[in-house]
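Participant: my questions concern the predicted model and sequence given below.
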Amino acid sequence: MKMTKAYWTLQMMLLLVFLLLLSAGCENRSSKQEPSATPASDNEQSSLSGNILMLTNRIDLIENGTMQGYADQFIKKYPQARVEFEGLSNYATDILVRLSTKDAGDVLLLPVNLPAKELSYFFEPLSAEMSAHERFTTFATYGGKRYGLSTGTTTSGIVYNKKAFEQAGITEIPQTLDDFYAICAKLKQAGIIPLYMNYGAVWPLREWGNNMVNYMTGNPDYMNNMVHENSPWQLDNEWGQSVGIARALIARGYVEDELFSNSWEISKTKLAKGEAGMYLSGNWTITQILDAGAAPEDIGFFPFPYDNGASHYAPLNPDWFIGVSKFSKNKELSMAWVSFLVKETSYTSEGFLPADEHAEPSMEQYREFLSYHPQLVEATVQTDAFIDMANRSKLSFASGDYIQELIAAPDLQKAFDELNEKWLEARGGQQPSSQP
């Protein structure tokens, strides 16, 4: 697989960042551990004051005033406090750089590609009270301490426009992959984009790669177990199956024409209007499509039938985790904000399933999703061994770049072979010699 010079430059930069992270971690390891900060009780509110900064990937919520609305609610509870926001457009990469320079604000989303053993170097541990009833107990945790709260729970499936289906004469939700291809053909014949893949936006392509392969077998540790394999990418396993479906959809003309344009915002409007029929995405997308103008009763959601079997798995994943920076100058106020944002505002419920395992989902679309009886597979955290392997092999599973290259590859087997070579080298293995 051909990699650009810019790609390798980025990877080298990330490697340097991780060295800086490790260096910073060593310094913190020798310092005296501070006690866990906790949100203030009502009689302590008057003592909480000052300004804090939250770093987030939700630029849309900053721009439309939603985050400020949450901050205004918070100020009513803590009148001497102020919360400011900064959005990072490429959060997964940018946040590593910010952490390495200790310029990570007070509250931030935990990097998905930060090894668990590094959490204590950059984040404050949360109290047991704050993290009670969290569903994903293996995430954001190390050494018996929890460092982040889940900001939502998601599953993945087909978000669809019911009016587009009606216009195309589709009367039944597909239960098999062959049926899925058949409704794509009907949508195309009706002049509707069957499925908006958002190929040009890149990050949505994770659905056709690591996300799907990690739940197809019902084994949430599928990706973690790759560290024990020399050649995990094969045409006849889950990688070949998932990427093969994406390639087939493109080859048959069932996706958008302008593949290389980043049309994420445009695609939401097209789906809202019924000009596009479907997404393969998380349930969090539904709220954004409604915001783009769709009526709630026109948008549905069903499990993706990735094969012709009688039943299918679907993932149950946490969204980003939020925590308090080790370098914050106002940790008590930061803890209070984290607790308030996650537990007292609509931030974790609008477009998401409840993070609290005891809470009932309110989304009508999710109730439709469950009516098809998918077998839900609760995610487990990526192990440090997997993260280390991904870093050594220079594969960013947090982005969709390499999935885009696999989908576009003229020869998928050859592209898989090149990935397997990188993986084997990262494992410390040797390719068999071609010499007699």
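Facilitator: Great, that's in hand.
Participant: and the host helix or strand of residue 249, what does it pack against?
Facilitator: Using DSSP states H and E, residue 249 falls within helix 238-251. If you count contacts as 3 or more Cβ pairs under 8 Å, 6 or more residues apart in numbering; DSSP states H and E, helix 238-251 packs onto helix 177-189, helix 210-213, helix 401-408, helix 412-426. For glycine as for every other residue, the C-beta is placed from the backbone atoms N, C-alpha and C.
Participant: please look at residue 84 and residue 55 and confirm they touch.
Facilitator: No: the pair residue 84 / residue 55 is not scored as a contact, 10.2 Å apart, by Cβ atoms under 8 Å.
Participant: compare the two (neighbour count), which wins?
Facilitator: Using other Cβ atoms under 10 Å as the criterion, residue 84 and residue 55 rank with residue 55 on top: 22 against 14.
Participant: quick one, what contacts that one?
Facilitator: 85-88, 91, 95, 98, 104-105, 107-109 (Cβ atoms under 8 Å, 6 or more residues apart in numbering).
Participant: let's go with 10 Å and repeat that
Facilitator: Listed by Cβ atoms under 10 Å, 6 or more residues apart in numbering, the contact partners of residue 55 are 85-88, 91, 94-95, 98-99, 103-109, 322, 325.
Participant: any idea how many residues pack against residue 405?
Facilitator: Neighbours of residue 405 under the rule other Cβ under 10 Å: 17.
Participant: how close does it sit to residue 156?
Facilitator: Between residue 405 and residue 156 the computed distance is 21 Å (Cβ to Cβ, to the nearest Å).
Participant: endpoints of stretch 137-144, how far apart?
Facilitator: Its first and final residues considered, stretch 137-144 spans 10 Å by Cα to Cα, to the nearest Å.
Participant: and that stretch, how far out from the chain's middle?
Facilitator: Relative to the centre of its chain, stretch 137-144 is centred 18 Å away, using Cα atoms, centre = their mean, to the nearest Å.
Participant: for it, list every residue counted as buried.
Facilitator: Neighbour counts over stretch 137-144 (16 or more other Cβ atoms under 10 Å) mark 139-142 as buried.
Participant: pick out the most distant pair among the residues you listed.
Facilitator: Using Cβ to Cβ, the pair of those lying farthest apart is 139 and 142, separated by 10.3 Å.
Participant: quick check: neighbours shared by these two?
Facilitator: Where contact means Cβ under 10 Å, 6+ apart, the residues bridging residue 139 and residue 142 through contact with each are 116, 381.
Participant: what's across from the residue nearest to residue 376 when sequence neighbours are not counted in the sheet?
Facilitator: Leaving aside its sequence neighbours, residue 376 sits nearest to residue 316 (Cβ to Cβ, 6 or more residues apart in numbering; 4.8 Å). Counting by DSSP bridges, residue 316 forms beta bridges with residue 378.
Participant: start to end distance for stretch 128-142?
Facilitator: OK, stretch 128-142 end separation, Cα to Cα: 14 Å.
Participant: equivalent analysis for stretch 82-102, please.
Facilitator: End-to-end distance for stretch 82-102, by Cα to Cα: 21 Å.
Participant: on that earlier part again, what sits in contact with each of residue 84 and residue 55?
Facilitator: The contact sets of residue 84 and residue 55 overlap at 105-106 (Cβ under 10 Å, 6+ apart).
Participant: without its sequence neighbours, what residue ends up closest to residue 59?
Facilitator: residue 87 (3.5 Å).
Participant: give the buried residues for the helix holding residue 249.
Facilitator: 238-247, 249-250.
Participant: so how far is that helix from its chain's centroid?
Facilitator: Taking the mean of its C-alpha atoms, helix 238-251 sits 20 Å from the chain's own mean (Cα atoms, centre = their mean).
Participant: how far off helix 401-408 does that helix point, in degrees?
Facilitator: Here helix 238-251 runs at an angle of 60 degrees relative to helix 401-408 (axes from the mean of the first three to the mean of the last three Cα atoms, to 10 degrees).
Participant: how far does the helix or strand just after helix 238-251 sit from the chain's center?
Facilitator: Where DSSP H and E defines the elements, the next helix or strand beyond helix 238-251 is helix 264-273. The chain centre lies 20 Å from the centre of helix 264-273; the measure is Cα atoms, centre = their mean.
Participant: these two touch, right, residue 106 and residue 322?
Facilitator: No: counting by Cβ atoms under 10 Å, residue 106 stays clear of residue 322, with 11.3 Å between them.
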